[in-house]
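Peer 1: pasting the sequence and the predicted model now:
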Amino acid sequence: MVASRHAIDQTTPAALALLRYVVGVLCLLPMAAAIPRTRFARGDIVPVALLGIVQFGVLIALLNWGLRFMPSGRAALIFATFPLLTMVIAAAAGMERLTLAKTLGVSLTFAGVGLALGDKALAPGGGGWWGEAAVFASALCGAVCSVLYRPYVRRYPTLQVGAFAMLASIAFLAPLAGLEGFFDHWPRFTTTAWLAVLFIGLASGVGYFLWLWALAHTTPTRVTVFIALGPVTSAALGWIFLGERLSPLFAAALACLALGLWLAHRPVREA
């Protein structure tokens, strides 16, 4: 989140997402080519491609656009609604059972986001909320995909699904980046922005492989609840590298997230 916030001031949302996944695919393809593959059933090709477009294309483009209007820490806090949304969608789909601890835990995550938004609401001038709405929409995209991906990562190798989904997102993002003028000239990034692009690309390749692997081995809620760690990391790194302010209200929001993570993920004794 911090690296994206640093680079987005020097490019456009779709262009940054395109560069991110070009690097990510270059990380995944050699590994995907080296493993035994299972031929996609004809009826699975379009759903997996659409999931890739939403997960890697729409989600990141919305997140990048929202980051232009807020600090990385607040964006990470809003994005932390991902586990709550995933839990609600997975429960509605009958894929997992809601428990009181899970509900309380992920609800605390949502309360933390409310505190973080209160930080802006109390600030003089406040400003518009389109950036916050875009980041929330990106979390909703991720939650829907987390639930819908599961049957495919159980049916096919994780690397194969991840690489194909990212390739589909590149095909979706390239025309959008073209409309933003990305192909009119060579990208004009500073050295640190290029390093940020390289970092988020590598993190996408390795990180999404681990995320898909986890989805194949446990419930969507348990996987996505760890996204609540993102705000803590983003706030700390944003303060160190971008000089972003950490208010008492923001600290309270982080405390809610930490408690919510513990409640939602603690072992539960079966009755």
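Peer 2: Okay, I see it. Since this is a predicted model, take the numbers as computed values, not measurements.
Peer 1: use CA for all of it now, contacts and neighbours both
Peer 2: OK.
Peer 1: host element of Leu167?
Peer 2: helix 158-179 (DSSP states H and E).
Peer 1: typo on my end, Ile45
Peer 2: Using DSSP H and E, Ile45 maps to helix 42-52.
Peer 1: returning to that earlier point: let me know the next secondary structure element after the helix holding Leu167.
Peer 2: According to DSSP H and E, the helix or strand after helix 158-179 is helix 191-217.
Peer 1: counting by contacts, list what that following helix packs against.
Peer 2: Packing contacts for helix 191-217, counted by 3 or more C-alpha pairs under 8 Å, 6 or more residues apart in numbering; DSSP states H and E, involve helix 2-8, helix 13-34, helix 130-155, helix 158-179, helix 220-224.
Peer 1: on that earlier part again, got the contact list for the helix holding Ile45?
Peer 2: 145, 148-149, 152, 161-162, 164-169 (C-alpha atoms under 8 Å, 6 or more residues apart in numbering).
Peer 1: swap in 6 Å and give it another go.
Peer 2: 165-166, 168-169 (C-alpha atoms under 6 Å, 6 or more residues apart in numbering).
Peer 1: next: stretch 99-114.
Peer 2: Residues outside stretch 99-114 that contact it (C-alpha under 6 Å, 6+ apart): 77-78, 81, 84, 253, 256-257, 260, 263-264.
Peer 1: spatially, which two of those residues are the most separated?
Peer 2: Ile78 and Leu263 (19.0 Å; C-alpha to C-alpha).
Peer 1: of those two, who's got more company?
Peer 2: Ile78 (26 against 20; other C-alpha atoms under 10 Å).
Peer 1: okay, and the more buried one sits in which element?
Peer 2: In this assignment (DSSP H and E), Ile78 forms part of helix 72-79.
Peer 1: buried residues in the helix or strand that that helix is followed by?
Peer 2: Counting by DSSP H and E, the next helix or strand C-terminal to helix 72-79 is helix 82-92. Under the neighbour-count criterion of 16 or more other C-alpha atoms under 10 Å, helix 82-92 has 82-90 buried.
Peer 1: only C-alpha atoms, please: export the very next helix or strand once past helix 82-92 in PDB.
Peer 2: Using DSSP H and E, the helix or strand that follows helix 82-92 in sequence is helix 100-121. Written as PDB, here are the backbone C-alpha positions of helix 100-121 (Å, rounded to 0.1, in the frame of the first residue of the first chain):
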ATOM      1  CA  LEU A 100     -20.200 -15.300  17.700                       C
ATOM      2  CA  ALA A 101     -16.400 -14.900  18.000                       C
ATOM      3  CA  LYS A 102     -15.900 -14.500  14.200                       C
ATOM      4  CA  THR A 103     -18.800 -12.000  14.000                       C
ATOM      5  CA  LEU A 104     -17.400 -10.000  16.900                       C
ATOM      6  CA  GLY A 105     -13.900 -10.200  15.700                       C
ATOM      7  CA  VAL A 106     -14.500  -9.000  12.100                       C
ATOM      8  CA  SER A 107     -17.100  -6.500  13.300                       C
ATOM      9  CA  LEU A 108     -14.300  -4.900  15.400                       C
ATOM     10  CA  THR A 109     -12.400  -4.600  12.200                       C
ATOM     11  CA  PHE A 110     -15.300  -2.600  10.700                       C
ATOM     12  CA  ALA A 111     -15.400  -0.500  13.900                       C
ATOM     13  CA  GLY A 112     -11.700   0.300  13.400                       C
ATOM     14  CA  VAL A 113     -12.400   1.500   9.900                       C
ATOM     15  CA  GLY A 114     -15.200   3.800  11.300                       C
ATOM     16  CA  LEU A 115     -12.700   5.300  13.700                       C
ATOM     17  CA  ALA A 116     -10.300   5.900  10.900                       C
ATOM     18  CA  LEU A 117     -12.900   7.600   8.800                       C
ATOM     19  CA  GLY A 118     -13.900   9.700  11.800                       C
ATOM     20  CA  ASP A 119     -10.400  11.100  11.700                       C
ATOM     21  CA  LYS A 120     -11.100  12.600   8.400                       C
ATOM     22  CA  ALA A 121     -14.600  13.700   9.200                       C
END
